[in-house]
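K.L.:
Build me a structure from this.
(one chain, ligands or ions: 2)
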Amino acid sequence: AAEWGYSPTNGPDVWARLFPQAGGARQSPVDICTSIASSDSNLEMKKLTFAYESQSDLRILNTGHGWKVEAPQSGSRLEGGPLGEDIYQLEQFHCHWGETSAEGSEHTVDGRAYAGELHLVHWNTTKYQSFAEAAQHPDGLAVLGVFFDVGNESNDEIEKIVSTLSEIKFKGQFTDIPDVIDPTTFLPSGLGYWTYLGSLTTPPCNECVIWIVYKEPITVTEEQLVQFRCLSACSGEAEEFIVKNYRPPQPLGNRALRECNA
Ligand SMILES: NS(=O)(=O)c1ccc(S(=O)(=O)NCc2cccs2)s1
Ligand SMILES: [Zn+2]
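P.N.:
Ligands and ions are numbered 1, 2, ... in the order given. Predicted coordinates for the structure are as follows:
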């Protein structure tokens, strides 16, 4: 079967042919129209809380669509906010970027794209026995989205990722990140967020994600994004750089978009 990707022949506009869910009514990402976001009082009451472990030797993989850090953290907990009474556990994190820093995020805010977007993927361990099972249910996954702004300060935690990319230039390659990674450091200082019910933003586009998108971006440098774009989408000598791997916004439809100004 033809491999999905982000080019005109295998990109977001044709995913629904191979992956029917991609044409569903609760797809992600979406454009966050700040004027329709409703500040929902009970989000304020149930504070979103997270607790992560610092881990070293996490495996980073070139998936052919970007890099992904496998971080199954049985000790991590994400709960509260829009997550009801369930506890979600970190499974992996990855990010999306564009050919230039004028684009790259998946979610947009009042039509504005950021230079990239980090996704911390969690699954509902209260209700489900595995990540794969959770991904088959409407409340199975919770993904924290963090926007990237380009600035002069290099992001030290992202630098730990960047420093391994030369070892995983080709699709299928993986290596261990020697540095200690603390996922908390990826989060912005301001913890206000928007939340809505959506999907995976890549095939199979399962409609199983409770999205939590932080309002405040974190800063990375242009050089760090340039390094992301040097990853190859192929496993062999042929070089096809992963210069963009974001899905454009999908219709919000009649979904509620809520905000919490933590
Ligand atoms: N951009 S995003 O955070 O919405 C993700 C897209 C894919 C993700 S996954 O790596 O968790 N695979 C999901 C699965 C594949 C098959 C069964 S579940 S997370
Ligand atoms: Zn993602």
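
K.L.:
residues touching the residue of the stretch 1-150 of the chain found nearest ligand 1, list them.
P.N.:
For the stretch 1-150 of the chain, the residue closest to ligand 1 is A135, as judged by CB to the nearest ligand atom, at 3.4 Å. Backbone N, C-alpha and C define where each C-beta goes, glycine included. Going by CB atoms under 8 Å, 6 or more residues apart in numbering, A135 touches W123, L141, L200, N206, C208.

K.L.:
give me that answer again for 10 Å
P.N.:
Going by CB atoms under 10 Å, 6 or more residues apart in numbering, A135 touches E91, V121, W123, N124, Y128, L141, L200, P204, N206, C208, V209.

K.L.:
Identify the farthest-apart pair in these.
P.N.:
Maximum pairwise distance among the contacts of A135 (CB to CB): 18.0 Å, between N124 and P204.

K.L.:
If you count surrounding residues, which of the two has more?
P.N.:
The residue with more neighbours, out of N124 and P204, is N124; 24 against 16, by other CB atoms under 10 Å.

K.L.:
so what's that one up against?
P.N.:
N124 sits in contact with 78, 83-84, 86-89, 131, 133-135, 137, 139-142, 208, 210, where contact means CB under 10 Å, 6+ apart.

K.L.:
Bridge partners for it, pull those for me.
P.N.:
On the basis of DSSP bridges, N124 is bridged to Y88.

K.L.:
cool, and L118?
P.N.:
C95, V146.

K.L.:
Show the contacting residues for it.
P.N.:
Going by CB under 10 Å, 6+ apart, L118 touches 93-97, 105, 144-148, 155, 157-158, 161, 183, 186-187, 214, 217-218, 220.

K.L.:
looking at this, E223 is in a helix?
P.N.:
Yes. Counting by DSSP: H, G, I helix; E, B strand; the rest coil, one finds E223 located in a helix.

K.L.:
can I assume it is in contact with S154?
P.N.:
Yes. Between E223 and S154 a contact is recorded at 7.2 Å, counting by CB atoms under 10 Å.

K.L.:
Now do the helices in the protein.
P.N.:
For the chain, the helices defined by DSSP state H occupy 15-18, 41-45, 131-134, 156-162, 222-228.

K.L.:
how about the CA coordinates for the fourth one, as CSV?
P.N.:
Presented in CSV, the C-alpha positions along helix 156-162 are these (Å, rounded to 0.1, in the frame of the first residue of the first chain):
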residue,chain,number,x,y,z
ASP,A,156,18.3,23.2,26.2
GLU,A,157,15.8,20.3,26.4
ILE,A,158,15.2,20.4,22.6
GLU,A,159,19.0,20.5,22.2
LYS,A,160,19.2,17.1,23.9
ILE,A,161,17.0,15.8,21.0
VAL,A,162,18.8,17.8,18.3
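
K.L.:
and that helix, which residues are buried?
P.N.:
If you call a residue buried by 16 or more other CB atoms under 10 Å, then helix 156-162 has these buried ones: E157, I158, K160, I161, V162.

K.L.:
Repeat that for stretch 48-63.
P.N.:
Under the neighbour-count criterion of 16+ other CB under 10 Å, stretch 48-63 has L48, F50, Y52, Q55, L58, I60, L61, N62, T63 buried.

K.L.:
Widest-spaced pair of those?
P.N.:
L48 and N62 (31.4 Å).

K.L.:
what residue ranges in the stretch 101-250 of the chain score low on pLDDT?
P.N.:
Applying pLDDT under 70 to the stretch 101-250 of the chain picks out no residues at all.

K.L.:
Flag every residue of it that's near ligand 1.
P.N.:
H119, V121, A132, A135, V143, L200, T201, T202, P204 (CB under 6 Å from any ligand atom).

K.L.:
go with 8 Å
P.N.:
Contacts of the stretch 101-250 of the chain with ligand 1, taken as CB under 8 Å from any ligand atom, map to 106, 119, 121, 131-132, 135-136, 141, 143, 145, 199-204, 206, 208-209, 247.
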